[in-house]
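Colleague: give me coordinates for this.
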Amino acid sequence: MTGFSITLEARNPERGHYRAYRLEAAPDLFGVWLVEATFGRIGCTGRTLAYAASDEAEARRIVRAHLKRRTTAPQRIGTAYEVAAIRDAGWLPNAQWNHNPF
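Modeller: Below is the predicted model of the structure:
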């Protein structure tokens, strides 16, 4: 049982967009998988949503659903998210997030 984390950033100085999105998933001491999504402006505390999953498969579904939503950022906010940091890329739903442009 390994955990997963990814940090995504969307930067567009012309539009004033400086957004960060971090997903973390790991089991707690009792074997319950916890998934946390933290998002907001880069450099600010941001908002955190927490989810409890009964197993790793459910945690992966939650992570993938959040990442799928991030792929629509160019249409929604006009700026795409790029990978800033990642741990355990095996969790990723597609090859789009499997590289680090930084």
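
Colleague: show me what the longest strand along the chain is packed against.
Modeller: Looking across the chain with DSSP state E, the single longest strand is strand 17-27. Secondary structure elements in contact with strand 17-27, counted by 3 or more C-beta pairs under 8 Å, 6 or more residues apart in numbering; DSSP states H and E, are strand 4-12, strand 33-41, helix 56-70. The way it works is simple: take the backbone N, C-alpha and C, and place the C-beta from them, glycine included.

Colleague: make JSON lines out of the ones you listed and add mean neighbour count.
Modeller: Putting the helices and strands packed on strand 17-27 into JSON lines (neighbours: other C-beta atoms under 10 Å) gives the following:
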{"stretch": "strand 4-12", "mean neighbour count": "18"}
{"stretch": "strand 33-41", "mean neighbour count": "17"}
{"stretch": "helix 56-70", "mean neighbour count": "17"}
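
Colleague: for the longest strand of the chain, buried residues please.
Modeller: Residues 17-25, 27 are the ones in strand 17-27 that count as buried (16 or more other C-beta atoms under 10 Å).

Colleague: show me where pLDDT drops low in this structure?
Modeller: Residue ranges of the chain with pLDDT under 70: 1, 89-102.

Colleague: quick check: closest non-adjacent residue to residue 18.
Modeller: residue 42 (4.3 Å; C-beta to C-beta, 6 or more residues apart in numbering).

Colleague: wait, the one you found touches residue 16, no?
Modeller: No. With contacts counted by C-beta atoms under 8 Å, residue 42 stays clear of residue 16, the gap being 11.5 Å.

Colleague: more crowded one of the two?
Modeller: Neighbour tally, residue 42 and residue 16, criterion other C-beta atoms under 10 Å: the higher count belongs to residue 42, 13 against 7.

Colleague: list the residues that contact the residue most central in space within the chain.
Modeller: Nearest to the geometric centre of the chain sits residue 23, at 3.5 Å (C-alpha atoms, centre = their mean). By C-beta atoms under 8 Å, 6 or more residues apart in numbering, residue 23 lies in contact with 4-6, 35-37, 63, 66-67.

Colleague: try it again with 10 Å
Modeller: Residues in contact with residue 23 (C-beta atoms under 10 Å, 6 or more residues apart in numbering) are 4-8, 35-39, 62-64, 66-67, 70, 86, 91.
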